[in-house]
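Participant: Give me a model of this one.
(one chain, ligands or ions: 1)
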Amino acid sequence: MKCPLCKEHIKRNSVKCRFCGTIVDKKTEEIQYIKNGFDKIEAECSNVEKQVSKRSGFIIRWHKFSEEELLEKIEKIETFARKIKADIENWKEMKKPILSLKVFNDDSVKLFYNENARRLHERLERLQEMIQFRHPTVWERIGKVFKIFYFHVVERLLPLITGKMSLGFKRQNKIPGNI
Ligand SMILES: [Zn+2]
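Facilitator: Below you'll find the predicted structure:
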């Protein structure tokens with residue numbers, strides 16, 4: 001069989017992986033629950049990783065998913081991981097496993113969770129960097145220039161000009177037309 005964490009081949013019925021020390025007793029419900037949860041999370045991380053570089057459009061190409069959308073997905077992943085942690089804490093409070101198939105080893109469950117959580121944390125950090133430092137497409141760069149242009153000219157300069165114009169207009173109104 002394979003270690004659920006490092007995927008190395010280990011002897012059947014091993015309780016502990018000889019490579020990474022993870023408890024691999026498959027009969028332990030808690031470990032299985034955590035493993036399933038993190039498997040889903042890791043799969044979602046892989047999805048998001050692919051989505052970071054996904055582009056749409058033919059000539060005018062844009063990133064399919066915006067930075068905000070991607071960061072939101074990361075937040076959802078974090079929420080899911082927090083839910084697993086909350087469940088573990090609930091078991092501890094109940095002082096019993098979901099199903100008492102074996103003597104419940106509190107520490108091994110905690111260690112297994114911590115190892116998974118640490119890996120996830122590192123992966124999410126890399127993912128966040130990928131999102132924040134991804135290269136904009138040519139059109140996104142043009143779009144950015146346009147936004148800057150829009151901000152400076154339309155939002156700031158134009159009201160200034162029209163403001164002066166209306167001011168000038170008012171002044172003209174005030175001055176009586178002496179010929
Ligand atoms: Zn292992």
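Participant: okay, CA-based contacts and neighbour counts for the rest of this
Facilitator: Noted.
Participant: before we move on, what SS does the residue most central in space within the chain have?
Facilitator: For the chain, I74 is the residue whose C-alpha lies nearest the centre (C-alpha atoms, centre = their mean; 1.7 Å). Of the three states, I74 takes helix under DSSP: H, G, I helix; E, B strand; the rest coil.
Participant: So it sits against R126, correct?
Facilitator: No: if you go by C-alpha atoms under 8 Å, I74 and R126 don't touch, sitting 11.3 Å apart.
Participant: returning to what we had before: residues contacting the residue nearest to the centre of the chain?
Facilitator: I74 sits next to C45, L124, Q128 when contact means C-alpha atoms under 8 Å, 6 or more residues apart in numbering.
Participant: what subset of those is also close to the ion?
Facilitator: Residues of the contacts of I74 in contact with the ion (C-alpha under 5 Å from the ion): none.
Participant: where does L127 land in three-state SS?
Facilitator: Under three-state DSSP, L127 comes out as helix.
Participant: got the contact list for F133?
Facilitator: By C-alpha under 8 Å, 6+ apart, F133 lies in contact with nothing.
Participant: for it, phi and psi?
Facilitator: phi -110, psi 20 (degrees, to the nearest 10).
Participant: lowest confidence element among the helices and strands of the protein?
Facilitator: The helix or strand of the chain with the poorest confidence is helix 158-174; it has a mean of 59 (mean pLDDT, DSSP states H and E).
Participant: Could you tell me how many residues sit around K50?
Facilitator: 10 (other C-alpha atoms under 10 Å).
Participant: Tell me if it really is in a helix.
Facilitator: Yes: in this structure, K50 lies within a helix as judged by three-state DSSP.
Participant: Check the spacing between it and the ion real quick.
Facilitator: Using C-alpha to the ion, to the nearest Å, K50 is found at 26 Å from the ion.
Participant: OK, contacts around that residue?
Facilitator: Counted by C-alpha under 8 Å, 6+ apart, K50 has zero contacts.
Participant: so K64 makes contact with L70?
Facilitator: No: assessed by C-alpha under 8 Å, K64 is found out of contact with L70, at 10.1 Å.
Participant: neighbour count winner among these two?
Facilitator: More crowded of K64 and L70, by other C-alpha under 10 Å: L70, with 19 against 14.
Participant: and E44, what is it in contact with?
Facilitator: I77.
Participant: Does it lie in a helix or a strand, and which?
Facilitator: Using DSSP states H and E, E44 sits within helix 29-53.
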